[in-house]
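Q: show me how the following folds:
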Amino acid sequence: MKVFTDYVLSFYGQGGIYDIEATREEVERATHIRKTDPKYKAVPFDGDTVDREWVRDIIIMNREYKKSMIDIVRARDQISEGLARVQKEIKDIKELLRGE
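A: Residues are numbered from 1 along each chain as shown. Down below sits the predicted model:
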């Protein structure tokens, strides 16, 4: 696995031929997915160019998923903050109406 990881990093790691700043951890995680995910099982793992490119694609997909999840959490937080403001405004209006 170390040989394949180093091979992938020589292409996609920092200073690699097609540098996407892939880390050793990303490559190892993506390689594990490549080897174990049923959608890749039809093609045996040979540690070749095809595997390298699939690992690259998995890294990119994982990064996009992580970014999407961060965006979702930020949106959720903004909605929660907005809801809290609206609830406070409703409470203030009700108190105002009771006072009249």
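Q: quick one: secondary structure of Val43?
A: What DSSP: H, G, I helix; E, B strand; the rest coil gives for Val43 is coil.
Q: what is the burial count for it?
A: Applying other C-beta atoms under 10 Å, we find 11 residues neighbouring Val43. C-beta coordinates here come from the backbone N, C-alpha and C atoms, glycine included.
Q: which residue is nearest the centroid of the protein?
A: Lys66 (2.0 Å; C-alpha atoms, centre = their mean).
Q: just checking, that residue is part of a helix?
A: Yes: assessed by three-state DSSP, Lys66 belongs to a helix.
Q: what about it, distance to Tyr7?
A: 24 Å (C-beta to C-beta, to the nearest Å).
Q: likewise for Val43?
A: Distance from Val43 to Tyr7, by C-beta to C-beta: 18 Å.
Q: again with Asp77
A: For Asp77 relative to Tyr7 (C-beta to C-beta), the value is 41 Å.
Q: neighbour count winner among the two?
A: Ranked by neighbour count (other C-beta under 10 Å), Asp77 and Tyr7 place Tyr7 first, with 17 against 10.
Q: and the residue nearest to that one when sequence neighbours are not counted, helix, strand or coil?
A: The shortest distance from Tyr7 to any non-neighbouring residue, by C-beta to C-beta, 6 or more residues apart in numbering, is to Arg52 (6.5 Å). Following three-state DSSP, Arg52 is assigned to helix.
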